[in-house]
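Engineer: Sequence first, then the predicted structure, then my questions.
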Amino acid sequence: MAAAEDLLLNVFEAQAAARKTFFRSFRAQTKRQAKATKRKYHAPSEAPPVKRRSKIPFFPAKKTGVTETERTFKGKARETFSPKKYSSGTSNVNQEEKPCIKTSSLFKNNPEIPELHRTAVKQVQEKVFTSDAFHELDLHPHLISTINTVLKISSMTSVQKQSIPALLEGRDALVRSQTGSGKTLAYCIPVVQSLQAMKSKIKRSDGPYALVLVPTRELALQSFDIVQKLLKPFTWIVPGVLMGGEKRKSEKARLRKGINVLISTPGRLVDHIKSTKNIHFSRIRWLILDEADRILDLGFEKDITVILNAVNAECQKRQNVLLSATLTEGVTWLADISLHNPVSISVLDESHDQCNPKDKAAHEVSQPQASDKLDSFAIPESLDQHVTLVPSKLRLVCLAAFILQKCKFEKDQKLIVFFSSCELVEFHYNLFLQTLQSSSGAPASGQLPSASTQLKFLQLHGNMEQEERRAVFQEFSHSKTGVLLCTDVAARGLDLPQITWIVQYNAPSSPAEYIHRIGRTARIGCHGSSLLILAPSEAEYVNSLASHKINISEIKMEDILSVLTKDDCFKGRRWGNLKSHAVGPQEIRERATVLQTVFEDYVHSSEKRVSWAKKALQSFIRAYATYPRELKHIFHVRSLHLGHVAKSFGLRDAPTNLSVSALKKKKTNLKRPDLHRKTQRKHRLAELLLSEYSSGVEAGVTKVEKQNKQGKPGSQPRQS
Ligand SMILES: Nc1ncnc2c1ncn2[C@@H]1O[C@H](COP(=O)(O)OP(=O)(O)OP(=O)(O)O)[C@@H](O)[C@H]1O
């Protein structure tokens, strides 16, 4: 125990030293730095002399048996750390008079990190490419030439080889193949081929012949872009896109002029069905539902029912196609109501893979077999999946260290980091932007001395204005490097080139979501990697994924944190004068503490920022409360240690005003949808998620968003 205390004091002393060095360098840079947050521990004499140990374990404290449940929302258990009070109004106070504060040890009282005994599973694999060329299909020569010269592709992928002939035969289809395997062209090519070949030439004023529904605005834009390219030689066929966030008036005008291939998000289309006279479906030949399971997940059944009723009322005969990388019961329901005598195309099923599309007529989806309830999904062969177990207190530094490792010390890295809510994205985006990224060459006050222009952060979530979303999407698409922090709004269908890493900072709510998130990398045969960050209490999730044939290997947290030894700005005083020494766990711990202190200092530099961090923490807890019942034994709010989780928001103390009753109240409103039971809960969820995937007509929401944005701490002057 004494040894543990020694080590703790070592860390405190190192923090004090590091903080001194850190702020000294700030002072040298600008006058404002005299006012910058600077705190000292009381006289070093208060601490016993530092003892060096020959071999120090990464977690120095003796295992106390403390679990994350010690201070729970029941509020009964004891607090496990107690930083002294911090005064945030620092600017006019003589720094020497400031109260002494201690950043509680990041490495003490953490729950034990369990050994991961994961069962090795054989993942389901699909062959991406075939050797068959597009010109072997009976397509219009101009279409083939566009595919070859504009899209610059020549041979078909497996899903295209199976789907295109079946769809050209006029069949309805349920298409499933792994992420990034070319499903978009699998339906776009037959649509364009069939429309250009129509005997009576299509006129713009005819209105829609094909209707493509996708769950998000970005996906709508992406699909529109591809359709537009394919239609280049067939100028008489006009594509168009409708989505939330755009001006309805201009969309109405475009609808009045005529759109022949209409791509839309469901909510926006329903809005037009209800309010626009110029929308007719009498000529519809194709109805495509891309990411069909997601459309249902979002509680859009009502919208889909309205759309199907509107289309059915005017046209009975058409081809219907559902596509997704993950087949769920929800899709089967949708298939039942929307498909007629469909062919089931599934690349992962090898028996299907071998046979001629014509033979697949036998696979009726209206009567699903037990084997059709697929609980395992294909994952690209070239995707390396990793998991790391990180105690709550260390999550923030661990994420930051991982980003630094990839973006500062490796070349051409492009990362996507997934969070569970818009507030979490905004919080981490602003925090990293203000502390890690430098917009000019020299770091500003409050930033790490090594804040780097190499680091580029972007955010994407449903609380952003459409124009901003579009700009971010474009910028990240064209950028060679960078970090996109986002919600699941970017999890589906987005085809962003050269993504090297997917990081899941908050675990997804289903294996399907896991598959789609990691599917943003390793597309179309490219190599990619993913990292799932779990708390020790969530380790069981790895087995849960394994039961869906998802194979993940472990990266030790220490290995991620060790990157901090490459950057001297994290050096503590004791190491400062040593030219070379072996890097040990003690030094890594100290450097991690320096980084955590940077975050804490930033968050605690104003009351506003503290309350902003608290809001983000609250949002995290609310999202945590929405895991579906089957995952509650792994992700339960009661297993969170509030004080520890608070650290991962740069808060020095567990907020006292997060009342259990308030959380419970919100919790009832935030349950995730349970596709097995159609309850009111689901509709409440849909309402909540509308901010994420909204049709853009919720004017009230937009106003609130704007107001919120104005109060965003990241936009405050730095001295505030
Ligand atoms: N035959 C092909 N040869 C080479 N590249 C292709 C081919 N078909 C499609 N691609 C490219 O592969 C990428 C992924 O395609 P697409 O977005 O359609 O995948 P997906 O299966 O719909 O993925 P997700 O399930 O994530 O939505 C795109 O950049 C696309 O241009």
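Structural biologist: Structure's in. What do you need? Residues are numbered from 1 along each chain as shown.

Engineer: tell me what the helix or strand in which residue 335 is found is packed against?
Structural biologist: Using DSSP states H and E, residue 335 falls within helix 329-338. If you count contacts as 3 or more C-beta pairs under 8 Å, 6 or more residues apart in numbering; DSSP states H and E, helix 329-338 packs onto strand 286-290, helix 292-297, helix 301-314, strand 319-324. Every C-beta, even on glycine, is put in place using the N, C-alpha and C of the backbone.

Engineer: Same list (the ones you listed) but as JSON lines, adding mean pLDDT, distance to residue 499 and mean neighbour count.
Structural biologist: JSON lines is the format used below for these (pLDDT from 0 to 100; distance: least, C-beta to C-beta, whole Å; neighbours: other C-beta atoms under 10 Å):
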{"stretch": "strand 286-290", "mean pLDDT": "97", "distance to residue 499": "20", "mean neighbour count": "25"}
{"stretch": "helix 292-297", "mean pLDDT": "80", "distance to residue 499": "19", "mean neighbour count": "27"}
{"stretch": "helix 301-314", "mean pLDDT": "92", "distance to residue 499": "30", "mean neighbour count": "16"}
{"stretch": "strand 319-324", "mean pLDDT": "95", "distance to residue 499": "20", "mean neighbour count": "26"}
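
Engineer: Let me have the ones you listed in CSV, adding distance to residue 258 as columns.
Structural biologist: Below are those laid out as CSV (distance: least, C-beta to C-beta, whole Å):
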stretch, distance to residue 258
strand 286-290, 16
helix 292-297, 25
helix 301-314, 16
strand 319-324, 21
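
Engineer: I figured residue 128 hits residue 523, correct?
Structural biologist: No - using C-beta atoms under 8 Å, residue 128 makes no contact with residue 523, being 9.2 Å away.

Engineer: And the next helix or strand past the helix holding residue 335?
Structural biologist: strand 343-346.

Engineer: Run through the stretch 251-400 of the chain and note the low-pLDDT ranges.
Structural biologist: Scanning the stretch 251-400 of the chain for pLDDT under 70 picks out 298-299, 327-330, 348-375.

Engineer: who in it is up against the ligand?
Structural biologist: residue 325 (C-beta under 6 Å from any ligand atom).

Engineer: Name the residue of the stretch 251-400 of the chain that lies nearest to the ligand.
Structural biologist: When distances are taken as C-beta to the nearest ligand atom, the stretch 251-400 of the chain reaches nearest to the ligand at residue 325, 4.0 Å away.

Engineer: gap between that residue and residue 488?
Structural biologist: According to C-beta to C-beta, to the nearest Å, residue 325 stands 14 Å off from residue 488.

Engineer: Please apply the same query to residue 394.
Structural biologist: In terms of C-beta to C-beta, residue 394 sits 25 Å off from residue 488.

Engineer: Around the nearest residue to residue 614 once chain neighbours are set aside, how many other residues sit close by?
Structural biologist: Spatial nearest neighbour of residue 614, excluding adjacent residues (C-beta to C-beta, 6 or more residues apart in numbering): residue 655 at 4.8 Å. Neighbour count of residue 655, defined by other C-beta atoms under 10 Å: 17.

Engineer: next one: residue 138
Structural biologist: So residue 138, with other C-beta under 10 Å, has 9 neighbours.

Engineer: in the helix holding residue 335, what counts as buried?
Structural biologist: For helix 329-338, burial by neighbour count (16 or more other C-beta atoms under 10 Å) applies to 330-332, 334-335, 338.

Engineer: which of these sit farthest apart?
Structural biologist: 330 and 338 (12.2 Å; C-beta to C-beta).

Engineer: List phi and psi for the nearest residue to residue 230 once chain neighbours are set aside.
Structural biologist: Distances taken as C-beta to C-beta, 6+ apart place residue 192 nearest to residue 230, at 4.6 Å, with adjacent residues excluded. Note on residue 192: its backbone torsions stand at phi -60, psi -40 [degrees, to the nearest 10].

Engineer: Equivalent analysis for residue 484, please.
Structural biologist: The phi/psi pair for residue 484 (degrees, to the nearest 10) is phi -100, psi 120.

Engineer: For it, give me its contacts.
Structural biologist: By C-beta atoms under 8 Å, 6 or more residues apart in numbering, the contact list for residue 484 reads 415-417, 458-460, 472, 476, 490, 496.

Engineer: Got the confidence number for it?
Structural biologist: Looking at residue 484, its pLDDT reads 98.

Engineer: partners of it in the sheet?
Structural biologist: Residue 484 forms beta bridges with residue 416, residue 458, as assigned by DSSP bridges.

Engineer: What distance do you get for it to the ligand?
Structural biologist: 16 Å (C-beta to the nearest ligand atom, to the nearest Å).

Engineer: what does residue 569 give?
Structural biologist: From residue 569 to the ligand the distance is 38 Å (C-beta to the nearest ligand atom).

Engineer: That residue in helix, strand or coil?
Structural biologist: helix (DSSP: H, G, I helix; E, B strand; the rest coil).

Engineer: Look at residue 386 and give its secondary structure.
Structural biologist: Going by three-state DSSP: residue 386 is strand.

Engineer: for it, which residues make a bridge with it?
Structural biologist: residue 531, residue 553.

Engineer: Surely it and residue 550 touch.
Structural biologist: No - Residue 386 is beyond contact range of residue 550, at 11.9 Å (criterion: C-beta under 8 Å).

Engineer: who's more crowded, those two?
Structural biologist: residue 550 (22 against 16).

Engineer: I'd say the more buried one and residue 514 touch.
Structural biologist: Yes - with contact defined as C-beta under 8 Å, residue 550 reaches residue 514; the gap is 6.8 Å.

Engineer: Helix, strand, or coil at residue 132?
Structural biologist: strand.

Engineer: Look up the pLDDT of the residue nearest to residue 155 when sequence neighbours are not counted for me, please.
Structural biologist: Spatially, and ignoring its direct neighbours in sequence, residue 155 is nearest to residue 133 (5.3 Å; C-beta to C-beta, 6+ apart). We note a pLDDT of 97 for residue 133 in this prediction.

Engineer: which residues touch residue 133?
Structural biologist: 154-156.

Engineer: Give the burial count for the residue of the stretch 251-400 of the chain closest to the ligand, as a bare number.
Structural biologist: Neighbour tally, residue 325, other C-beta under 10 Å: 27.

Engineer: Identify the spatial nearest neighbour of it, chain neighbours not counted.
Structural biologist: Residue 325's closest residue in space is residue 179 (C-beta to C-beta, 6+ apart), at 4.6 Å.

Engineer: and the one you found, that one's in a helix?
Structural biologist: No - assessed with three-state DSSP, residue 179 is coil; it does not lie in a helix.

Engineer: start to end distance for stretch 153-163?
Structural biologist: Terminal residues of stretch 153-163 lie 17 Å apart, using C-alpha to C-alpha, to the nearest Å.

Engineer: buried ones in it?
Structural biologist: 153, 156-163.

Engineer: neighbours around residue 315, how many?
Structural biologist: Count around residue 315 with other C-beta under 10 Å applied: 16.

Engineer: re the thing from before, restricting to the contacts of residue 133, which residues neighbour the ligand?
Structural biologist: Checking the contacts of residue 133 against the ligand (C-beta under 6 Å from any ligand atom), the matches are 155-156.

Engineer: Identify, from the contacts of residue 133, the entry nearest to residue 590.
Structural biologist: Nearest member of these to residue 590, counting by C-beta to C-beta, is residue 155, at 54.2 Å.

Engineer: tell me the domain ranges of this structure?
Structural biologist: Here the domain parsing of the chain from automatic domain parsing is 1-46, 47-100, 129-375, 384-647, 660-711.

Engineer: give the contact list for residue 261.
Structural biologist: Contacts of residue 261 (C-beta under 8 Å, 6+ apart): 191-192, 195, 208-210, 212, 227, 231, 237-240.

Engineer: Counting neighbours, which of those comes out on top?
Structural biologist: Neighbour-wise, the contacts of residue 261 (other C-beta under 10 Å) top out at residue 192, 29 neighbours.
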